[in-house]
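In: Make a model of this:
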Amino acid sequence: MRGAHMESGENRGTDRRALRFAIIFPLVLAISFGLAGYTLRGEIPLGAVLPFGGSPLPAVGYLAFSAGCIALAGIAFGSQAARTSLPRTARRALLGTAFTAELFLTSLFGSTLVAQAGAGRHPGPQPDPIVLAMGSGAALALGVVIALVYQPAEQWTQRDEEALRVELDPALARNRLMYWVHPRSSVLIMILLAGALPGVLIALALPWLGAVVLALALAAVVFLTALVDADRDGATVLIAGVVPALHCRAADVQAAAALDTRARDYGGWGLRRRGGTVSYLSASGPAVVVRLESGTAAIIGAPDTDRAEALAALLNGSFRGWEPGAGPGAPPSGSPGNL
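Out: Numbering: from 1, shown residues only. Here you go, the predicted structure:
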């Protein structure tokens with residue numbers, strides 16, 4: 001155990017190879033953009049306007065500002081992918097986002113510059129739609145590819161620590177329950193379509209606003225997806241598996257029951273607080289209603305009835321392991337059954 005802790009301490013922090021890559025690539029991309037754009041300086045004698053509008057800038061000023069934005073966006077996201085404390089999936093997503101962001105900005109500034117080069121009139125902020133569309137498509141595709149092929153270095157994580165604890169004490173495995181909750185497929189499609197379709201149309205006129213609309217749709221999906229992690233000490237709801245949103249200590253639980261719920265009765269989907277009740281529901285349906293010693297209540301969603309009953313049994317102290325389709329079994333006599 002001591003050796004494991006020492007290894008954990010040595011590996012925590014930063015993946016230096018990933019950090020070097022996350023810094024060097026945006027810098028090289030920004031410098032390359034600046035050198036390529038400098039060849040068009042003779043085509044913009046009146047200066048160039050940034051995609052966001054404003055007064056025309058000299059060629060050098062436009063290229064310097066553009067290169068700075070490209071480098072900062074790539075480093076800001078990419079450096080986070082080097083944090084070994086984050087889950088592997090999150091690190092992949094961050095590196096893919098870094099690639100998409102820096103390449104999209106390259107396309108945006110480049111298409112705006114191309115649209116103004118050789119125009120022979122007062123410059124304007126409208127980008128060349130063909131260059132922007134091709135560049136944005138390539139940025140998204142390369143971002144997805146990078147996220148899929150990136151293999152974060154193996155690190156000793158909290159999950160490894162828990163696996164070691166279970167190996168040393170097998171009884172812990174019979175008192176642990178983890179599952180994901182997320183909206184129904186129809187709701188996910190509705191949210192993504194509501195963000196993607198308007199976002200594409202808006203992006204034709206204002207690319208940054210289109211990106212904001214799409215980002216809001218993705219944020220809504222992330223907000224409605226959570227990991228429920230429960231053991232004999234209590235239950236925790238982690239939004240996107242990372243951000244703690246709700247926690248119930250087993251010592252504070254008076255009774256817990258699996259019920260069929262409607263999200264609107266508790267304020268809607270996601271994390272809600274109404275009076276003395278806090279809830280996290282991704283959809284209407286099976287959930288665990290927990291009454292606490294303080295007189296307040298907590299409602300935790302579940303993907304199906306079996307896991308809702310298993311979580312209720314665990315919080316009631318009658319959990320003896322769970323297998324899909326088997327159910328947790330009835331609570332022993334004297335255990336609180338219904339609220």
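In: surely residue 281 meets residue 299?
Out: Yes. At 6.6 Å, residue 281 counts as touching residue 299 under the criterion of Cβ atoms under 8 Å. (C-beta placed from N, C-alpha, C; glycine too.)
In: between those two, which one's more packed in?
Out: residue 281 (27 against 20; other Cβ atoms under 10 Å).
In: What about that one? Give its phi and psi, please.
Out: When quoted as degrees, to the nearest 10, the phi and psi of residue 281 stand at phi -130, psi 130.
In: And it, how far from residue 52?
Out: As judged by Cβ to Cβ, to the nearest Å, residue 281 and residue 52 stand 39 Å apart.
In: element containing residue 229, please.
Out: Take DSSP states H and E as the rule and residue 229 turns out to sit in strand 226-231.
In: Neighbouring strands - and their directions - for the helix or strand that that strand is followed by?
Out: With elements assigned by DSSP H and E, the helix or strand that comes after strand 226-231 is strand 234-239. With DSSP bridges as the test, strand 234-239 is paired with strand 226-231 (antiparallel), strand 243-249 (antiparallel).
In: Tell me the pLDDT of residue 95.
Out: We have a pLDDT of 90 for residue 95.
In: For it, pull up the helix or strand it's in.
Out: Going by DSSP H and E, residue 95 is part of helix 88-116.
In: Give me the buried positions along that helix.
Out: Residues 88, 90-116 are the ones in helix 88-116 that count as buried (16 or more other Cβ atoms under 10 Å).
In: Touching whichever helix or strand comes after that helix from outside, list them.
Out: Next helix or strand after helix 88-116 toward the C-terminus (DSSP H and E): helix 129-149. For helix 129-149, the surrounding residues in contact (Cβ atoms under 8 Å, 6 or more residues apart in numbering) are 92-93, 95-101, 103-104, 106-108, 110-111, 114-115, 203-204, 207.
In: Compute the mean per-residue pLDDT across helix 129-149, please.
Out: The model assigns helix 129-149 a mean pLDDT of 87.
In: quick one, it and helix 88-116 angle?
Out: With axes from the mean of the first three to the mean of the last three Cα atoms, to 10 degrees defining the directions, helix 129-149 sits at 160 degrees from helix 88-116.
In: now helix 129-149, how far from the chain's geometric center?
Out: Centre-to-centre, helix 129-149 and its host chain are 19 Å apart (Cα atoms, centre = their mean, to the nearest Å).
In: next one: stretch 70-83
Out: Distance, stretch centre to chain centre, for stretch 70-83: 15 Å (Cα atoms, centre = their mean).
In: do the same with stretch 106-126
Out: On Cα atoms, centre = their mean, the centre of stretch 106-126 falls 34 Å from that of its chain.
In: which outside residues touch it?
Out: Contact with stretch 106-126 is made by 29, 33, 36-37, 40, 43-44, 46-54, 56, 62, 66, 69-70, 127-129, 131-132, 134-136, 138-139, 207-208, as judged by Cβ under 8 Å, 6+ apart.
In: Just the terminal-to-terminal distance for that stretch.
Out: Start and end residues of stretch 106-126 are separated by 15 Å (Cα to Cα, to the nearest Å).
In: Rounded mean pLDDT for that stretch, please.
Out: Mean pLDDT, stretch 106-126: 78.
In: go on, stretch 215-233?
Out: Stretch 215-233 comes out at a mean pLDDT of 84.
In: Any buried residues in the host helix or strand of residue 311, and which?
Out: Using DSSP H and E, residue 311 maps to helix 305-316. Residues 306, 307, 308, 309, 310, 311, 312, 313, 314, 315, 316 are the ones in helix 305-316 that count as buried (16+ other Cβ under 10 Å).
In: next one: stretch 21-31
Out: Neighbour counts over stretch 21-31 (16+ other Cβ under 10 Å) mark 21, 22, 23, 25, 26, 29, 30 as buried.
In: With respect to residue 184, which of those is nearest?
Out: Taking Cβ to Cβ as the measure, residue 184 sits nearest to residue 22 out of those, at 36.2 Å.
In: how far away is that closest one from residue 80?
Out: When distance is defined by Cβ to Cβ, residue 22 is 8 Å away from residue 80.
In: can you check residue 251 too?
Out: With Cβ to Cβ as the criterion, residue 251 and residue 80 are 36 Å apart.
In: neighbour count winner among the two?
Out: Between residue 251 and residue 80, counting by other Cβ under 10 Å, residue 80 is the more crowded of the two (18 against 9).
In: Contacts only, for the closest residue in space to that one that isn't next to it in sequence.
Out: Nearest residue to residue 80, sequence neighbours excluded (Cβ to Cβ, 6 or more residues apart in numbering): residue 94, at 4.8 Å. The contact partners of residue 94, taken as Cβ under 8 Å, 6+ apart, are 77, 78, 80, 81, 86.
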